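> Quick one, what's the 3D model for this:
(2 chains)
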Amino acid sequence: MENNPYVQREALRKVLHRLKKYRILIALSILFAAATVGLTLYVPVLVGDAIDLIVGPGQVDFVCIAALLVQIAVIVGVTALLQWLMNTINNKITFQVVRDVRSEAFRKLQILPLKYLDAHSHGEIVSRVIADVDQFADGLLMGFTQLFTGVLTILGTLCFMLSIHAGITLVVVLLTPISLFVASFIARRTYAMFKLQSETRGAQTALIDEMIGNQKVVQAFSHEAESLEKFDEINEQLTKYSLRATFFSSITNPATRFVNSVVYAGVGLTGALVAIAGAITVGDLTCLLSYANQYTKPFNEISGVVTELQNALACAGRIFELIEEESQIPEKENAVVLADVKGNVSLTDVEFSYDPKRPLIRDFNLSVKPGQRVAIVGPTGCGKTTVINLLMRFYDVQGGCIRVEGEDIREVTRRSLRSGYGMVLQETWLKAGTIRENILMGRPDATEEEMIAAAKASHAHGFIRRLPQGYDTVITEDGGSLSQGQKQLLCIARVMLCRPPMLILDEATSSIDTRTELKVQEAFARLMQGRTSFIVAHRLSTIREADVILVMRDGNIVEQGNHESLLQKGGFYAELYNSQFAH
Amino acid sequence: MNKLFVYLKEYKKETILGPLFKLLEASFELFVPLVVASMIDVGIKTQDTGYIIRMCLILIALGVIGLVCSITAQYFAAKAAVGFVKKIRHALFRHIQSLSYTELDTLGASTMITRMTSDVNQVQNGTNLTLRLLLRSPFVVFGAMVMAFTIDWQAAMVFVVTIPLLCIVVFGIMLVSIPLYRKVQARLDRLLGITRENLTGVRVLRAFCKEEEEIAEFEQRNEDLTAVQKFVGRISALMNPVTYIIVNLAVVALIWTGAIRVETGILTQGMVIALYNYMSQILVELVKMANLIINITKAVACGNRIAAVFEITSSQKQSSSSPEKRKDAPEVEFRSVSLQYKGAGEDSLSGLSFSAMPGETIGVIGGTGSGKTSLVNLIPRFYDATGGQVLVQGADVQDYPLGELRGMVGVVPQKAVLFQGTVRDNLKWGNPDATDDELWDALASAQAQEVVESKQGGLDFEIEQAGRNLSGGQRQRLTIARALVRRPRILILDDSSSALDFATDAALRKSIRELPYSPTVFLVSQRASSIQYADRIVVLDDGEAVGIGKHEELLATCPVYQEIYNSQFRKEDA
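Purely as a prediction, here's the structure:
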């Protein structure tokens, strides 16, 4: 797909579109590039002229030489200045386009539906926003400059050579394609080798990832010898492919250099013969020789640039794919701002599935009054989080509707809906930053007293105070030295501060130490007072105190009712409940 | 870095021949301007067509010899670099596998993986380039100067001035910009961090409606990055223009001196042209050298990081012969064992004593960080006790060869890790000689029979890397089966049923109790219900055993156990 010419053309069009606002800079860059190339090519002519004035003893025209040398010095100075300006402008364009595209991509991330984000690995998305953008900038914008100056240099050289002598120019024009041909011949032959090398390298990395990443398991099963054997097998292969790729690709340089020296000799021969005939001077010959030396260089560069451009376009294609991904359904213009939420939630004939082929939730009806507790229970992996996804409108229902205070949640602003809920997930997530910033996330304008009160209410104040910098302690994304339980308490404090009318809680299954767990439970209990709560529950006490229990299995809601009625029913819930005490 | 050169030894011949052929090629290249000079001075001046043709043939001959030499050189360089790195990779992999858990913890998996992949690749590139270019470029630069001296010492003085000047500019700009590039990288990493954080926290961020703030922060950091990129861009943009000026001013000086020397009859016109050509050669090579130095610095840094891994050696000594066992001894015995992890200020386990008779089930319970996993890790000697003794069948674990000790123990680690390959391949880690029937037995005991049966191909079902195509609970049951395939004397289940629902967990415990070879079982859990029926329960709190005994005893006497139990079962449930 990535080498599809249509996709590439589309990507190119989009890149050009984003370059539009830099068009003045681009025009300047092109102008300077043209001037630089022209002047750079003119210098050898002047040098040739100067050499012509140095014929032999007593035959040196110092006055004219001095004039020419001054001219050279001035031109060189101007060229250098223009070159620097061009480089600077190109840098500016490149880096700003990168910045723009990155911003655009990141903004997009904020409005992409969860459906997309859940289905794509985060690493891959990050790599598009960071690495692909870099590649695209380097390849595309640098590539364009090189391509442009390369083509100009070739054309310019041709013109200058023609102005000196047409026949010799013909020699150069006829011989240079050999160099191109050799280079592309080698590139074509080595492409397959490189591909093989990178595939094998990938396989080896995967193996390393697996065996070193899980080295403890390898050692626990004394599996070292076998994994080394497997590693050596790939290592041997990689060495073979690597040698081939490295060697054959490194022939390019000597080979093109050889062609260059043939061109050089050709120009030398014809030039010298023409010089004897008197059609050109020795200075002209010097000038032609230095052109011959330079002439093939842009050709070689251009062939490299083309692959780089293709690569860059592929990267650009990936970024635009992300940027143009369908956004979440935008809010209606007349979307209602939910105000004065008391906690009435009703689900009517809700239908939902992640995969249209596998229906999940059907005819789901539920009505929750303010202050009620809804416990969602079921075996692991039964899709309990689906309910959270729907309530928070991370995903949209496919049939029926969910209403909060009688308003269809698709008719209200996301902001007002989501601020109505306080959410504490089992997978605690904290933002890199200070503890304070984390607690204040929901209400940045809260006062110090309110923050501390929230922390106290969620039993987080005690351990925070004992941290080296208290509330200003900086924590990393994974919470650093905080224990799982402490992180959970922070997440609770974060919600506690907002006092939302409705709650979504995800009880932790394990990995919290008992003492903190007691605190977490207390904090949860305090949080739930008087609030409509949806709890993904694992603890019996939580479940039994719930007003409604939703029993889920394989993504479906199979039973619904309170503890007593469900036990009486003797269905799946009863089975689950009893199994805890089976031994 | 020097330590790594051992691995180059086998490629000594290639390492010497590669650069040697490069030098040969470069020397031939240096003759070219001289040939051109005589072509002009002799051929054109005397109008000798034959001479000119001969000179051109010499040029082509020089080209052919150069081509042959340099392809030979490239071959040797590639062979040496690739082979060198192959040896390093092998040695590194082997070395990492020989490290004990303590060293693995210090290094961290991601570090080791980077060392083995990208660092090693950098070393390969660096070695290859070094062999090809390190001698060549300086040789051409100084060769050109020497050749200039052979033509005329006064004109050569221009070279003497120009070369150091160019070196200062080229290396100076590099020196200034390299640390700046590092800064660019650091800011890019930060941007990457924010993006990743934004994705992992997407639910929370959206729940708190923080999208706008996130964008603002991203753009701020993005702007920071762009600023430093532009700054370093402006500096490195100086390189080409400045060197261009220097070289061309040198050409101006050269022509002027040349003019004077020709006037007095010391030089010929052709020689001036030769000098001009030498000057052009210098710049190209200097730029190549600058790039080479960047590459070498990178490669050396990578090489040093690799060498640092080699310097870490296993802190565990192992015995080569099997110790004497005592028939009547407990299967596992802890004698006032303490453990302090490397770099930790406090003991993770202290003064722990208890024993487990063959066939007994020992429950281990306690909060996170109370030392449960540390305790069981001492049995297969993943870590060495820093105090006291751990004995298996009456012999200190340190007296066992590691293979023998670990062969007796079946471990189901907390993190359910499976490897790419079929279910069968994975299960056979436990015992390479197990038959399919034995595998099915193990699967049945691990409650994983239906998992495998439901998969296409059964035992031949291909598990993807990290077991991605299985659910957490399925993975966990397969890792249990893997340990059971070994029919271990000692079975360690380290919180291995956390992803299982209560019913499966209970069935699992039942089938383990009924295993025909009745292993000694260590059951680590946070759930009181899981360990309640163990023969003995060790209650850990902050690395200390605060209670050892049966459920009823502990419930009566151990406050920590009571607390745990009550938090999970309210009084009236019991």
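> how about low-confidence regions in chain B?
B:343-346, B:368-369, B:567-574 (pLDDT under 70).
> mind listing the strands for it?
Secondary structure of chain B (DSSP state E): strands located at B:332-339, B:349-356, B:361-366, B:387-392, B:395-396, B:409-412, B:421-422, B:462-463, B:490-494, B:520-525, B:536-541, B:544-549.
> closest one to chain A among those strands?
Shortest distance between chain A and the strands of chain B, using Cβ to the nearest Cβ, is found for strand B:409-412: 4.6 Å. Yep, even glycine has a C-beta here, placed from its N, CA and C like the rest.
> Run me through the strand neighbours of the closest one, direction for each.
With DSSP bridges as the test, strand B:409-412 is paired with strand B:490-494 (parallel).
> burial of the nearest residue to B:Ala91 once chain neighbours are set aside, as a residue count?
When the adjacent residues along the chain are set aside, B:Ala91 lies closest to B:Tyr7, with 6.5 Å between them (Cβ to Cβ, 6 or more residues apart in numbering or on different chains). By other Cβ atoms under 10 Å in any protein chain shown, 19 other residues sit near B:Tyr7.
> ok, now which ones touch B:Tyr7?
Contact partners of B:Tyr7, counting by Cβ atoms under 8 Å, 6 or more residues apart in numbering or on different chains, are B:84, B:87-88, B:91.
> B:Ser348 now?
B:Ser348 neighbours (Cβ under 8 Å, 6+ apart): B:339-341, B:371, B:374, B:543.
> Kindly indicate which of the residues you listed lies nearest B:Tyr533.
When the contacts of B:Ser348 are compared for distance to B:Tyr533 (Cβ to Cβ), B:Gly371 wins out at 22.5 Å.
> so the closest one touches B:Leu540, yeah?
Yes - using Cβ atoms under 8 Å, B:Gly371 is in contact with B:Leu540, at 5.0 Å.
> quick one: stretch B:213-225 to chain centroid distance?
Taking the mean of its C-alpha atoms, stretch B:213-225 sits 31 Å from the chain's own mean (Cα atoms, centre = their mean, to the nearest Å).
> hmm, it touching chain A?
Yes - using Cβ under 8 Å from any Cβ of the partner chain, stretch B:213-225 comes into contact with chain A via B:214-215, B:218-219, B:222-223, B:225.
> between these, which is nearest B:Ala329?
B:Ala329 has its nearest neighbour among the residues of stretch B:213-225 next to chain A in B:Glu214, at 61.4 Å by Cβ to Cβ.
> Whatever residue of chain B ends up closest to chain A and B:Asp541: what is the separation?
Proximity of chain B to chain A (Cβ to the nearest Cβ) peaks at B:Gly367, 2.6 Å away. Counting by Cβ to Cβ, to the nearest Å, the gap from B:Gly367 to B:Asp541 is 7 Å.
> Kindly report the same for B:Pro138.
68 Å.
> Count the neighbours of B:Leu249 for me.
18.
> Now do the same for the closest residue to it other than its chain neighbours: its pLDDT.
Closest residue in space to B:Leu249, ignoring its immediate chain neighbours: A:Ala73 at 6.5 Å, by Cβ to Cβ, 6+ apart. For A:Ala73, the pLDDT comes out at 95.
> I'd like to know how many residues surround A:Ala73.
A:Ala73 has 15 nearby residues by other Cβ under 10 Å.
> now do the one 5 residues further on
Here the neighbour count serves as a burial measure; for A:Val78 (other Cβ under 10 Å) it reads 13.
> Could you verify my assumption that it touches A:Leu39?
Yes - judged on Cβ under 8 Å, A:Val78 makes contact with A:Leu39 at a distance of 6.5 Å.
> hmm, back to that, and the contacts of B:Ser348, which is closest to A:Leu140?
For the contacts of B:Ser348, the closest approach to A:Leu140 (Cβ to Cβ) belongs to B:Tyr341, at 49.9 Å.
> how many other residues sit next to that closest one?
B:Tyr341: 17 surrounding residues under other Cβ under 10 Å.
> how about it, phi and psi?
The phi and psi values for B:Tyr341, taken as degrees, to the nearest 10, are phi -70, psi 150.
> how far away is the closest residue in space to it that isn't next to it in sequence from B:Ala545?
Among residues not flanking B:Tyr341 along the chain, B:Ser348 sits closest, at 5.8 Å (Cβ to Cβ, 6+ apart). Computed as Cβ to Cβ, the B:Ser348 to B:Ala545 distance reads 13 Å.
> Pretty sure B:Gly233 sits against A:Val98.
No - judged on Cβ under 8 Å, B:Gly233 makes no contact with A:Val98 at a distance of 11.5 Å.
> All set now, cheers.
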